[in-house]
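Enquirer: Give me coordinates for this.
(2 chains)
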Amino acid sequence: MNVRQALITAANPRQRSLPLQILIDRDGVPRSALEIVLQEAAGAGIERFCVVVCPGDENAYTAACGPYRAQTEFAVQAEPRGYGDAILCGRAQIGADPFLHLVGDHIHLSDATASCARQLLDVAATEKTSVSAVQPTHESQLTSFGAVGGKLLGGDLPLYEIEAVLEKPTPTLAEQELLVPGMRAGYYLCFFGLHVLDQQIFESLEAERSKAPDQLLGLSAALHQLAGQRRYLALNIAGRRYDIGGHYGLLHAQLALSLGGKDRDQVMTQIIELLGQNPR
Amino acid sequence: MATLIDIIRSQEAAIRDQSVDQWCQDRSIAELQTAAAELESYRHEETNLYQRVRALFFLHTLHRYHLPQRPELPSAGRVPYPAFQHMLDRRFEEAIGTLRKAEQDHGANDTLCSALAAAYHALAFQTLANQVRRTVRSTRGNAWMFRLGHPQDQPLKVRPELLPPADATQPTPSLVERTAVRMDLTHCAWSDIFFLGMDYPEGARVLNVSINLGVHERDTATRPPVEAYFRVISEPVLRLASVDLETSVTISDLEEVFDFGRDYLGLLKAAIIAAGIVPPGIERSGASLPDLLGRIFGKGRGFELISNVNGIPKGSRLAVSTNLLGALIAVGMRATGQVAHLNGPLTEADRRIVAARAILGEWLGGSGGGWQDSGGIWPGIKLIEGAPSQPGDAEHGVSRGRLLPQHTLLGPDRISPAARKKLQDSLVLVHGGMAQNVGPILEMVTEKYLLRCAAEWTARGTTVATLEAILEHLAAGDIKALGAALTANFTGPLQQIIPWVSNRYTERLIAEVRAEFGDAFWGFWMLGGMSGGGMGFIFDPARKAEGQARLRQIMLRAKRELEASLPFAMDPVVYDFTINEDGSSAQLLTDQAALLPPAYYRQIIPQLLRKAPRELTSREQQDLTQFTRTAKTDPKLAASLPQLLDDLLPNVLGTSAPGQDLDGLLTANGFDRAQHEEIRHHLKEGHIGLAMNRLSPTTDIADLEPSDLFDLAQNGADHRAAGEAALARGELAVVTYAAGVGSRWTQGAGCVKGLHPFAKFEGRHRSFIDVHLAKTRQASRRWGHAIPHVFTTSYLTHQPTEAYLRREFPDDFGRTVHLSPGRSIGLRLVPTVRDLQFAWKETAQQKLDEQQEKMRDSVRGALTNWARSAGEASDYTDNLPGQCLHPVGHWFEIPNLIKNGTLRELLQLQPNLRTLMVHNIDTLGATADPAMLGWFNASDAALGWEAITKRIEDHGGGFARINGRVRIIEGLALPREEDEFRLSYYNANTCWVDIDQLLHTFGLTRADLDHQEGINEAIRSVAARMPTYVTLKEVKKRWGHGQEDVFPVAQFEKLWGDMTTLTGVPHAFALVPRHRGQQLKDQAQLDGWQRDGSAAHVAGLCDWR
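Expert: Sure, this is the predicted structure:
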């Protein structure tokens, strides 16, 4: 599976400014969150980007693309009709080829030499099928993520064959439906905000849309359908995701970037100073 | 020949299902002891839970029934006190170890056998219960709640549809869950007990029907009987309210949620925990309840949970509490997104998780039901069956079956609408009014199943086959055949497995209905664990309406006649019912429709009206506004207005205080107020009390030597001829203590124990009094002279006993059967906290399992508060008058014979009379044995006392050498708990009395019996020499719809055994066989009493003609 293009969703009307926020990256260079996301994809070999935005956001986002401006197209989600609908909005630009999908409000930091996106693309290339990045997540966080159940495939990589996908399940449901043998009790494989998908996801989304045309269209139900139709994998990625839309999410992401980069000592010193000045 | 271990391990049904009793039948004591030793080591090595449990039950059976029957086994022995302590602490393995060590050191004996039997029995049930709990905890969908330990980890969020509207003047939405109750159309031979379903899934099958109910002639229509309401409130608290129990509580502390016994809302608390809102893992974490609620509902918010049962009394056998628990859990799970839909029925997956949570809730609340009990959550008619455990199940490798059964809905294709209608047109559901604890029955069933007792095992097979027949009859709409099959099930296999499921009341109802309706009465059907509560009568549809009307009258009349002898909690009720085709279903109530049940408003509005308007919270203001607005247009709410006004003025319209009746009773029974005040003073000051009952710690206490006792079995023959001659001369009368209400026997229900028809003899339920008179009849006929029989009575028992004797024994009453009415009475007192603490902390207590222990602690806290607030040592008057009075001990009953003229009358009727045999109502084997009479006469003693060797269940003292002198010592007078375990002989409380020497002891002669003045003085002077004991007794207070509370109250007593402390009175002591001396104190003993041959022995002593 040769993946050359990426679809980035950034059309959540309540968080439309998040990808435009400026963060200092690991090299100490100020960049927009969007540029960091694009950089992650580009570093993994992606050549073309499609960013789904709210109407009227194109100019601001163009400016936030940094050096990837020329390779980026925009698709507009005219109405906020859900995450799955946002992906469908990019269908025309993506065409028939497989693509890497990232969410505009997540920053990924790899714990390995290969970036998170690269790890995922390597698996997609080897296994020749759709694959989503996942991370073991404590059940107390379950209601913030999509989560998968399945079985470990074995081999060198922590790779799972997905059997079920649920969006923001309660732990009651997760315990019954999202069994993953070998997983530590109380932890579930939750999405990481990185997927390699192909055009079948568009078919699945269309099918889901036809079931309830008036409701918000999510992605998880379509992914669940996908898992029932064909081999669909999950990779427990060696890395961490930071949701900049969460409570203190931006700060958390910035600290993670800084403490993993060249300005680590400076930031550490500042934190310790702050702690000293605010003993409570 | 297979060994017992082969039987346990075999995969072949023919071997595996062999009866242990048959295996043991012809084996020697040595073979049985070897088998016990092999089982003991096998059970430690066996990893399979159910095989281990079966080995434990086999060991119990060997020690309880088979080894004691071998004559080579010595009878006298002692239980090491540490073993008893371990048993109380539920450390049964250690108890067994200590007992087996004692057996190795001193040899086996009957006493040690009884203790080992009890320990094996308890360990078996502990192991089973622990396994069910482990399975409940590890069931998928439940386990996460046990891991959650901090509010920040709470992942549940309230559904946004339930949040209060931004405009605070608008009503907050509420969610209501309406749930059916279930009836079991087959009676499954209790195969829905979790242990059975998990071990024998193929035999666990029931036909379970969800129904709506209404009380006949009270309700205009049937409806789902249980409702649960959920509403988010803008206060960081839990508000729980039970409309039917008329109680509510506001909780702001996390630990209070786990305090189940503190109030009547334990079921609601268990539901909140089982729904995961306050998950079980967070208990004792020190977390803040507002923080936890804030995570789910938003900062500063909480919720309100309201339960409403449509007037269905307790003991209906319709699993009301389990289905209410299910409704409460379901509404909580819907509100927090664990169930997808806010409106309509549950999906199959939802029902299964709600049922699993209901099992968890029952475990948390310390109660327990069967696995079919949550059937009301499912719609219509369904077949519920045990399911074999599969790889991946929590149960796999542990038990053969799953915890949760499989539900198959039987739709119109299987049971046609016409057949359903036919069932509804024929079946009359009733609540007979009896409330009984079915716990012991469920234990008996489990034990008999695991032992494969031959007759019971065959009967179980029959019930499995009956289900198929019932299913066929129902499918064919043949309700007449269905009725016949149900009747056959009740009279056949069910009573074969457990004879105690039937009773005189039920059989009388069946007989009367059959006599009145003839062929139009198609059958009887027992609901639930035992009969007397919820029951079904099946009629020809043409006469169903008549059946409903007549049944109420028939039941009421039978209840009136039997209420002194059987534990009735309420008047009987006839129901209307319809099949519920929805199961549990919810509705989101918004805007003006967001109303709570009318009875809820009746409960809270008076409280709100008493507050100043400025003190009302916005929720309270909203409730008032909404009630007022809706009452103008809604007739249901408008109808509650008059009741509401009544509730506002409870004192004006309340009923008269029960104390008036009580005063009348006290006066009528010669209550001594001055003495009562003196006792109260001493109790308050601590001069008397539980601790003061005890002898000094320096008292020398030693066990008796065998030579201290005459051994009836060994030497009885020497005296038989003399005794026979004395009986023929008419020298003996029998006196039976019948003044008590069997506090333990009916758990404080206040029935006359002597009148309780406890067992069947010759095909009919007979009471204790029936049995004693049948024994006396046999002895009289055998020895050729009528033996007078006296029953001593008290204010509690006299009237019903007299009525019974006049009705049942009209020829004998007043001639050979007499009553000796009590002339002493006490008024119970609220206990002192000091005595409560002493009873709970200083005396040995049975440790319960973890959840039950918590319940007990919590109840005890509430009782301590009750004692303080009601006033320590104040008069206990807040109950029915009969429950406030107490008899003052059986010491008074013998002097009463003198005082009330009974002895004089006996002597006039039978001048040869020389001896009395006095015994307890529950000593069923006590009979006018000529060998005993011969021995007693030969001993020249004034009083002769019967002893039996002790078994583990024989508590409360015994025979001892106290400071060198042989006497009876009461358990409550022993300085230390462990002293009792140094004694080998137990007081059977059967006493032979030489009339002339007794009179001499009181300073009287036969001639003085005509002079009342001297008699009173003589009795007072001996009474003053007897110790007075303070005791705590548990009394039931009934309220609402069959609800009951149990209160410990203080009372006083003097005991006849203390006559052995009198110097100058010659005593003689005899050891009698266990069959003669054992007492039946608890209904749970009945099954063992029947199995060990005691019942047959007693039957052999009786003449029923």
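
Enquirer: hey, where'd the helices end up in the stretch 151-280 of chain A?
Expert: Counting by DSSP state H, counting those that start in this stretch, the stretch 151-280 of chain A has helices at residues A:171-177, A:200-211, A:220-229, A:249-259, A:264-277.

Enquirer: got a pLDDT number for residue B:214?
Expert: Confidence at residue B:214, expressed as pLDDT, is 91.

Enquirer: Also residue B:610?
Expert: For residue B:610, pLDDT reads 81.

Enquirer: what about it, how many residues close to it?
Expert: 9 (other Cβ atoms under 10 Å in any protein chain shown). Placement of C-beta: from N, CA and C, glycine included.

Enquirer: May I have the phi/psi pair for it?
Expert: Main-chain torsions, residue B:610, degrees, to the nearest 10: phi -80, psi -10.

Enquirer: Could you measure from it over to chain A?
Expert: 41 Å (Cβ to the nearest Cβ, to the nearest Å).

Enquirer: For the residue in the stretch 151-280 of chain A positioned nearest to chain B, the count of nearby residues, please.
Expert: Nearest residue of the stretch 151-280 of chain A to chain B, counting by Cβ to the nearest Cβ: residue A:171, 3.9 Å away. Other residues near residue A:171 come to 29 when the count uses other Cβ under 10 Å.

Enquirer: okay, residue 151: pLDDT?
Expert: I'll assume chain A. Model confidence at residue A:151 (pLDDT) stands at 93.

Enquirer: Sorry, I should have been clearer: chain B.
Expert: So residue B:151 comes in at 95 (pLDDT).

Enquirer: Walking through the stretch 1-150 of chain A, point out its strands one by one.
Expert: Counting by DSSP state E, counting those that start in this stretch, the stretch 1-150 of chain A has these strands, from start to end: A:5-10, A:22-24, A:30-32, A:48-53, A:72-76, A:99-103, A:106-110, A:130-138, A:146-152.

Enquirer: Which one of those strands lies nearest to residue B:346?
Expert: With Cβ to Cβ as the measure, strand A:146-152 is the member of the strands of the stretch 1-150 of chain A nearest residue B:346 (22.2 Å).

Enquirer: The closest one - contacts with which helices or strands?
Expert: For strand A:146-152, the packing partners by 3 or more Cβ pairs under 8 Å, 6 or more residues apart in numbering or on different chains; DSSP states H and E come out as strand A:130-138, strand A:159-167, helix A:171-177, strand A:187-197, helix A:220-229.

Enquirer: Out of these, which gets nearest to residue A:96?
Expert: Closest among the helices and strands packed on strand A:146-152, using Cβ to Cβ: strand A:187-197, at 12.2 Å.

Enquirer: Could you list the contact residues of chain B toward chain A?
Expert: For chain B, the residues in contact with chain A (Cβ under 8 Å from any Cβ of the partner chain) are B:140-145, B:147-148, B:152-157, B:276, B:333, B:336-338, B:349, B:353.

Enquirer: Report the buried members of those residues.
Expert: B:140-145, B:147-148, B:153-157, B:276, B:333, B:336-338, B:353 (16 or more other Cβ atoms under 10 Å in any protein chain shown).

Enquirer: For residue B:335, grab the count of nearby residues.
Expert: Neighbour number of residue B:335 under other Cβ under 10 Å is 30.

Enquirer: Secondary structure class of the residue lying closest to it once chain neighbours are set aside, three-state.
Expert: Closest residue in space to residue B:335, ignoring its immediate chain neighbours: residue B:230 at 4.9 Å, by Cβ to Cβ, 6 or more residues apart in numbering or on different chains. Following DSSP: H, G, I helix; E, B strand; the rest coil, residue B:230 is assigned to strand.
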